[in-house]
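Participant: Dropping a prediction and its sequence here:
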Amino acid sequence: MINDPLDREIKINQGSSHLQYLIEPVRVSYKRDVNLSVAGINIDAKEGDMSSVPRWLARILEKEGSIEIPNNHISAYISRALNRERIAKPHDLSGIDPDFYIRVNDYLESLGDRERENLIVSMNSFVASRLEKIVKLAAASPLSIELREKLSSEEHQLYILVHNSSSAFKHRVLRFA
């Protein structure tokens, strides 16, 4: 049970972002013939065909061994984001997509233990760097449109939370300023 309204809002927003991610189309390659109709989606594909299907359906078909979802691009996508953040100035955030962390977690699920551990170590450093920058920026000023475009949906919520809390704190301790 979630009692905190902010926590409830965060969970709803994360759930919404995750659902949007699951309904996005993804390119798949068929490993065998597939003929099915589900939720208004009709598939009549032969082995070797390629098409786009919603991610949620692709996951089911992949578990059945009916398709392959090429994952090679996600590794490069994550690597580019990590590198952009690593070379960014100490006071500047590199841009990431609103669903970046959803994509990372989805990719982590597909990795073996060793690869998962290596990526988690890199992600911890990435998150620590972004968290430090977000807290400093949020304590100093309201969210600009330019900065909003660089944040994931989770980071946007964090920014608003830190900004509102730091503003309330400043108002309490500096009543006459």
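Facilitator: Sure, I can see it. Residues are numbered from 1 along each chain as shown.
Participant: quick one: pLDDT of Ile74?
Facilitator: Predicted confidence (pLDDT) for Ile74: 87.
Participant: Same question for the one 3 residues further on.
Facilitator: Per-residue confidence (pLDDT) for Tyr77: 93.
Participant: now His91
Facilitator: 86.
Participant: again with the one 10 residues further on
Facilitator: With respect to pLDDT, Tyr101 scores 95.
Participant: how about the strands in this structure?
Facilitator: Ranges of strands within the chain are 25-30, 34-38, 41-45, 50-54, 67-68, based on DSSP state E.
Participant: need those strands in TSV with distance to Arg148, can you?
Facilitator: No exception for glycine: its C-beta is placed from N, CA and C like everyone else's. Output for the strands of the chain, formatted as TSV (distance: least, CB to CB, whole Å):
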stretch	distance to Arg148
strand 25-30	26
strand 34-38	37
strand 41-45	34
strand 50-54	28
strand 67-68	36
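Participant: Would you tell me which one of the ones you listed is buried the most?
Facilitator: Burial of the strands of the chain is given as mean neighbour count (mean count of other CB atoms under 10 Å); strand 67-68 ranks first at a mean of 20.
Participant: What's the mean pLDDT across it?
Facilitator: 90.
Participant: Would you mind pulling up the elements that that strand packs against?
Facilitator: On a contact count with 3 or more CB pairs under 8 Å, 6 or more residues apart in numbering; DSSP states H and E, strand 67-68 meets strand 25-30, helix 55-63.
Participant: Which stretch among these approaches Arg130 most closely?
Facilitator: helix 55-63 (25.2 Å; CB to CB).
Participant: what comes up buried for stretch 113-131?
Facilitator: Neighbour counts using 16 or more other CB atoms under 10 Å place Leu119, Met123, Phe126, Ser129, Arg130 of stretch 113-131 among the buried residues.
Participant: In this structure, which helix is the longest?
Facilitator: Using DSSP state H to define each element, the chain has its longest helix at helix 113-140.
Participant: any idea how far that helix is from the chain center?
Facilitator: 13 Å (CA atoms, centre = their mean, to the nearest Å).
Participant: What is the neighbour count of Asp4?
Facilitator: 9 (other CB atoms under 10 Å).
Participant: for Gln14, same thing?
Facilitator: For Gln14, the count of nearby residues is 15 (other CB under 10 Å).
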